[in-house]
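In: the following block contains a protein sequence and its predicted model.
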Amino acid sequence: MHELTLMQSVLQTVELDAAQHHIERINKVKLVIGQLTMALPDSLVFAFDALKTGTIFANASLVIEERPALCQCQSCQQEYKLDDFFQFICPSCGSSDVKIEGGKELYIDYYEGE
C-alpha cells in the first residue's frame with residue numbers, strides 16, 4: 001500500500017512548509033492525483049485519517065482532485081481519454097503513436113491553515 005507512504009510524505013511536506021510560515025493548525029489539504037499514478041483516492045483518505053490524529057492536521061479535511069489519463073495521437077492529432085491502461089491505441093485512426101498528455105500528476109495543490 002504505497003498510499004500510506006505517499007500520505008506520510010505529503011503531511012511531512014505540508015508540516016515543514018507550515019512551520020516556515022508560522023502556521024500551527026492545518027484545516028484543509030488539496031491533492032491532485034492523476035489516474036496513471038495508480039494512487040487510490042479512498043486509500044489516500046484512509047491514510048490521511050489514520051496519520052492526522054494528534055498532529056497539526058487533527059481537524060483537517062483532505063480534498064482530492066482526480067485527473068483522467070489523456071492522450072494525443074501523433075498521427076491524427078485526436079485527443080482522448082485513455083480508458084484501457086494497456087491499450088494505447090488511437091480510437092480514431094488506430095495508430096499506436098500516442099503521447100500521454102495527462103494523468104501523471106501527483107502534487108499538493110494547496111493547503112489552508114491558521
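Out: That came through fine.
In: how far does the lengthiest helix in the chain sit from the chain's center?
Out: Ranked by residue count and defined by DSSP state H, the top helix of the chain is helix 2-20. Distance of helix 2-20 from its chain centroid, counting by CA atoms, centre = their mean, to the nearest Å, is 13 Å.
In: against which helices or strands is that helix packed?
Out: Secondary-structure packing of helix 2-20 (3 or more CB pairs under 8 Å, 6 or more residues apart in numbering; DSSP states H and E): strand 26-34, helix 41-51, strand 106-113. To be clear about C-beta, it is placed using only N, CA and C from the backbone, and glycine gets the same treatment.
In: 6 Å instead, please
Out: helix 41-51 (3 or more CB pairs under 6 Å, 6 or more residues apart in numbering; DSSP states H and E).
In: can you pull the buried residues of the helix it packs on?
Out: 44-45, 47-48, 51 (16 or more other CB atoms under 10 Å).
In: pairing partners for the helix or strand just after it, with directions?
Out: Sequence order places strand 61-67 as the next helix or strand after helix 41-51, per DSSP states H and E. Counting by DSSP bridges, the strands paired with strand 61-67 are strand 26-34 (parallel).
In: so what sits opposite the residue most central in space within the chain in the bridge?
Out: Centroid-nearest residue in the chain, with CA atoms, centre = their mean: I33, separated by 1.7 Å. Per DSSP bridges, residues listed as beta-bridge partners of I33: E66, L106.
In: contacts only, for it.
Out: By CB atoms under 6 Å, 6 or more residues apart in numbering, the contact list for I33 reads 39, 64, 66, 106.
In: burial of the third one, as a residue count?
Out: The one in question is E66. 14 (other CB atoms under 10 Å).
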